[in-house]
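[1] Predicted model, plus sequence, below.
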Amino acid sequence: MLNRTSEEYFDLVILISSLSISYCHTNISIIRSPNWSYFICPVMPIEWMIEEESPIGTKIGNIKEILFMINNNSQLIEKIQMKLNNNIDTQTFHLNSSTGILISKFRLDYEQKHIYSFSIILEPNEIHCSLIILIKLININDNLIEFDQKSLIYNINENNLIPLYIGRIKIIDHDQLFSFNYKYYLKNISSQISIDLTTGSIILFDKFDREIHGEKLQYEIILLDYINQKNLTNNLIININDLNDHGPIFEKDFYHININKSSQPGKFIFQINATSYDPIMNGNISYYLRNSSSIFSINKYTGNIYLNEYISTIIENFTLIIEAIEDGINLTDRTNIFISIINDDYIYFQLDKQNQCFLDENEPSGTIICTIGKNSIDFIYYLYDPMNLFDILSNNATIINRKIFDYEIDKHEYNVTIIVQDRKNQVRKKVLKKY
């Protein structure tokens, strides 16, 4: 039974029988098959640790050293070969299949990946052993801290309460070592705001008005990093939201404008405008005509004032009371518009003759009393006389009598209205007295 011998070889003498006796002598070596039943395959994962950013080629561990230790330095270990069971993590490492030494192929960054896991298959296959390898990176302080940008922007409503805590400046530590040793400072000291040295808490000590301070406040912040001996600077921004807290204001308490008496209905007369310190989103202003008048009207949204009808001859001036109301608040403002009516009757009438219309008594019908109009093909004159005592020539407004007047019987003074129409269909009226 060769498998039971304790020798590595034995001698064999062969007797050859023939006419002469001869012998053959040889050595037979015994090759032992490894008894893998005695091999112990590690069950628990093998864990190694390495600092991040270690140089390429850094030795991480030796598989055979662990197998020797577990298998009591058995010579079987020398007969083992090994290979990586390929996955994404194995691409980062190199394994010497004979020596069992595992090294890094790249610089490893904790912030990108801090645990690698893969398996190593041992050969020959009859040992049926696969090792689980875990490689954990040791985090080091190799990244500078930075401001959390979200913690540098805040929104507040104007007319804020004081003091007012609005938030805290935060720091991002990519290494996550949490060894904080920072101090916060305002570059320029301000009575409006304070920053807590250690916590970065922001407290406002001033009441802000968007219309005075503007829509955005900006403060430069300095962070002293005593660990890395670095200083960081950034801007703290506070946006001020507008509240509808200012009423409309007219530029003047009194406005004076002139319009011609002959102005056509629908004519644009004037635009009144009130302003608000609040921006457009809050400063919506409406305009109203507070003294009733059918002659004028105002556009609620634009403040445009228009003439609605012809201006009566007897009107010489007019005062409009305008009120501005801002939407959403109970604040208003008023102003007055004094309108002077400019008499432009001279365009249609001979004004110097309006007081020269006299008629002697007992004059026959058809007597010319006076000519008040202008001899023009552009004008047509009409007479409004309810008593039907007078008539008019349409081309020049010459007035004639239709009856014989007696001073002792008839009235001494009569009022008539002359109406003129031009080619633009514009109508004017003139009231005259006849004696």
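    In hand now; what should we look at? Treat the numbers as computed from the prediction; the structure is a model and nothing was measured. Numbers count the residues shown, from 1 in each chain.
[2] mind listing what the most centrally placed residue in the chain touches?
    The structure's the chain has its C-alpha centroid closest to residue 239; by Cα atoms, centre = their mean the separation is 11.0 Å. Residue 239 sits next to 153-156, 215-216 when contact means Cβ atoms under 8 Å, 6 or more residues apart in numbering. To be clear about C-beta, it is placed using only N, CA and C from the backbone, and glycine gets the same treatment.
[3] Please spell out the PyMOL selection for the buried subset of those.
    Buried residues among the contacts of residue 239 (16 or more other Cβ atoms under 10 Å), as a PyMOL selection:
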select buried, resi 154+156
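[4] Save the contacts of residue 239 as a markdown table, and put in secondary structure and pLDDT too.
    Listed next are the contacts of residue 239 as a markdown table, based on DSSP: H, G, I helix; E, B strand; the rest coil; pLDDT from 0 to 100:
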| residue | secondary structure | pLDDT |
| --- | --- | --- |
| 153 | strand | 95 |
| 154 | strand | 95 |
| 155 | strand | 94 |
| 156 | strand | 92 |
| 215 | coil | 89 |
| 216 | strand | 93 |
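[5] and this structure, what are its domains?
    37-138, 146-241, 249-342, 346-434 (automatic domain parsing).
[6] Enumerate the positions of stretch 48-58 that are buried.
    Buried residues in stretch 48-58 (16+ other Cβ under 10 Å): 50, 52, 54.
[7] Secondary structure element for the residue nearest to the centre of the chain, which one?
    Element membership for residue 239, per DSSP states H and E: strand 230-241.
[8] Partner strands of that strand, with direction?
    Applying DSSP bridges to the sheet, strand 230-241 is found paired with strand 153-157 (parallel), strand 216-225 (antiparallel).
[9] can you redo those strands as CSV with distance to residue 41?
    Listed next are the strands paired with strand 230-241 as CSV, based on distance: least, Cβ to Cβ, whole Å:
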stretch, distance to residue 41
strand 153-157, 58
strand 216-225, 50
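[10] between those strands, which one is nearest to residue 77?
    strand 216-225 (50.6 Å; Cβ to Cβ).
[11] Residues contacting that closest one, please?
    144-145, 147, 152, 169, 171, 181-188, 190, 192-193, 195, 208, 231-240.
[12] Helix or strand with the lowest mean pLDDT in this protein?
    The least trusted helix or strand in the chain, going by mean pLDDT, DSSP states H and E, turns out to be strand 427-434, with a mean of 56.
[13] Quick check: which ranges of the stretch 151-300 of the chain have low pLDDT?
    Where the stretch 151-300 of the chain drops to pLDDT under 70, the residues are 177-180, 227-228, 278-283, 292.
[14] closest to residue 288 out of the strands paired with strand 230-241?
    strand 153-157 (30.1 Å).
[15] ok, the very next helix or strand once past that closest one: who's next to it in the sheet?
    Remark: after strand 153-157, the chain's next helix or strand is strand 164-168, criterion DSSP H and E. Strand 164-168 has the following sheet partners, assigned by DSSP bridges: strand 201-204 (antiparallel).
[16] Could I get the buried residue list for the strand it pairs with?
    202, 204.
[17] same deal with stretch 211-223?
    217, 219, 221, 223.
[18] Likewise for stretch 169-177?
    For stretch 169-177, by 16+ other Cβ under 10 Å, it's 169, 171, 173, 175.
[19] now do stretch 72-84
    Applying 16+ other Cβ under 10 Å to stretch 72-84 flags 74, 76-77, 80, 82, 84 as buried.
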